[in-house]
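In: Based on what follows, work out the 3D shape:
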Amino acid sequence: MENKYCQSCGMPLQNQDELGTNSDGSRNEEYCCYCFKDGAFTMDCTMEQMIEHCAQFVDEFNKDSEVVYTKEDAITNMKIYFPTLKRWKVQ
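Out: Numbers count the residues shown, from 1 in each chain. Purely as a prediction, here's the structure:
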């Protein structure tokens, strides 16, 4: 897969199994399986709540990353990055 990222949580979408699903069961190319299932978001939350949720996984992210982030650094970066994602973009 090309470099795609979940448009809700920013997770890299590296294989088909990580893609969310539409209401008809087909794969959704924009959202991950954790954020989007059966044509709907799995969490009804604000962007700030999503950032707090994702911040729980910083240690897991750091395992596969060349750059190691503290939870605080990760939150700061997500506050900059998330507004660029489709789900959180202000129209």
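In: So residue 55 sits against residue 77, correct?
Out: No: the criterion here is Cβ atoms under 8 Å, and residue 55 misses it with residue 77 at 10.3 Å. All C-beta atoms are positioned from the backbone trio N, CA, C, and that covers glycine.
In: Now residue 76: which helix or strand?
Out: In this structure, residue 76 sits in helix 71-81 according to DSSP states H and E.
In: so where's the chain uncertain?
Out: Where the chain drops to pLDDT under 70, the residues are 1-2, 91.
In: buried sites along the strand ranked longest in it?
Out: Using DSSP state E, we find that the single longest strand of the chain is strand 27-32. Going by neighbour count (16 or more other Cβ atoms under 10 Å), the buried part of strand 27-32 is 28, 30, 31, 32.
In: So what touches it?
Out: Defining contact as Cβ atoms under 8 Å, 6 or more residues apart in numbering, one finds that strand 27-32 is touched by 4, 6-9, 11, 13, 16, 18-22, 36, 41, 86-87.
In: Neighbouring strands - and their directions - for that strand?
Out: Using DSSP bridges, the strands paired with strand 27-32 are strand 19-21 (antiparallel).
In: buried ones in the partner strand?
Out: Across strand 19-21, burial judged by 16+ other Cβ under 10 Å covers 19, 20, 21.
In: Distance to residue 64 for these - can I get that in JSON lines?
Out: Output for those, formatted as JSON lines (distance: Cβ to Cβ, whole Å):
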{"residue": "19", "distance to residue 64": "19"}
{"residue": "20", "distance to residue 64": "21"}
{"residue": "21", "distance to residue 64": "25"}
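In: would you list every one of the strands in the chain?
Out: Ranges of strands in the chain, per DSSP E, are 4-5, 12-13, 19-21, 27-32, 36-37, 40-41.
In: Please name the nearest non-neighbouring residue to the residue of the chain positioned farthest from its centre.
Out: Distance from the C-alpha centroid of the chain, by Cα atoms, centre = their mean, peaks at residue 24 (21.8 Å). Spatial nearest neighbour of residue 24, chain neighbours left out: residue 39 (7.6 Å); criterion: Cβ to Cβ, 6 or more residues apart in numbering.
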